[in-house]
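In: build the 3D model from these lines:
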Amino acid sequence: MSRIPIETSLERIAALTEQHRDDNQAFGHYIDIMWERERRSDAELDALIDEIAAGVIPHIDCTACANCCRSMAVGLTPDDIPPLTRATGLSPETIINRYVDRKAAAPWGEWGVFCDAPCPFLRGMRCSVYANRPDACRDYPTLTPNFRWLYDEIKRGAGKCPIVFNVIERLKQHLGW
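Out: Got it, this is the predicted structure:
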């Protein structure tokens with residue numbers, strides 16, 4: 001689908017995302033206008049995103065990157081606590097008191113976030129609680145469903161995640177942007 005190479009350099013991804021910040025913002029508006037004008041369904045855009053992502057994901061080794069774990073806030077829910085207690089042997093109260101910041105999560109409408117970045121469960125480039133990781137970690141990067149409506153949130157990860165960056169760049173190319 002795409003001729004542009006997969007970019008994996010985190011430094012280059014961060015620089016290009018900053019360089020194209022205004023362009024990426026305008027691209028979100030372009031998608032909205034184009035989709036409305038052409039009466040295309042959001043499901044059609046999501047299918048296109050899934051197709052593009054399927055061509056990107058196999059080329060990205062998340063265990064060699066772990067940038068999301070090192071630099072992004074992880075939204076937590078109360079349902080994330082029991083698996084973390086199983087993985088760590090710590091009580092729910094200890095997990096919450098030691099690792100969860102409820103106040104920092106409030107502006108995003110989240111129940112909680114991990115207190116610190118990098119993630120307290122990151123060991124080298126690997127998750128020490130991988131089988132019991134929070135749902136937000138399990139689902140990241142979430143590109144679909146509802147890419148068009150979540151684009152502003154998704155594009156915030158473009159400078160940090162090679163998958164997000166490459167999917168957005170390929171989508172721009174595919175749509176002739």
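In: all helices for the protein, in order.
Out: 10-19, 21-37, 42-56, 62-65, 67-71, 81-88, 92-99, 102-105, 135-139, 147-155, 162-174 (DSSP state H).
In: just for this structure, where's the confidence low?
Out: 1-2 (pLDDT under 70).
In: contact partners for the spatially most central residue of the chain?
Out: Nearest to the geometric centre of the chain sits P141, at 3.4 Å (C-alpha atoms, centre = their mean). For P141, the contacting residues are C68, I154, G157, C161, I163, V164, by C-beta atoms under 8 Å, 6 or more residues apart in numbering. (Glycine included, C-beta is placed from N, CA and C.)
In: which two of these have the greatest separation?
Out: Greatest spatial distance in these: C68 and I154, 12.8 Å, computed using C-beta to C-beta.
In: and the residue nearest to the centre of the chain, how far is that from A53?
Out: P141 sits 9 Å away from A53, taking C-beta to C-beta, to the nearest Å as the criterion.
In: now T94
Out: Distance of T94 to A53, given as C-beta to C-beta: 37 Å.
In: just to revisit the earlier point, overlap in contacts, P141 and A53.
Out: Counting by C-beta under 8 Å, 6+ apart, the residues touching both P141 and A53 are I163.
In: which one of T94 and A53 has more residues nearby?
Out: Legend: neighbour count by other C-beta atoms under 10 Å for T94 and A53, higher for A53 (20 against 13).
In: wait, that one sits on I168?
Out: No: contact status for A53 versus I168: not in contact, 10.5 Å apart, counting by C-beta atoms under 8 Å.
In: how far does stretch 7-25 stretch from start to finish?
Out: End-to-end distance for stretch 7-25, by C-alpha to C-alpha, to the nearest Å: 20 Å.
In: hmm, I typed the wrong one, I wanted stretch 104-123.
Out: 24 Å.
In: run the chain-centre distance for that stretch.
Out: 14 Å (C-alpha atoms, centre = their mean, to the nearest Å).
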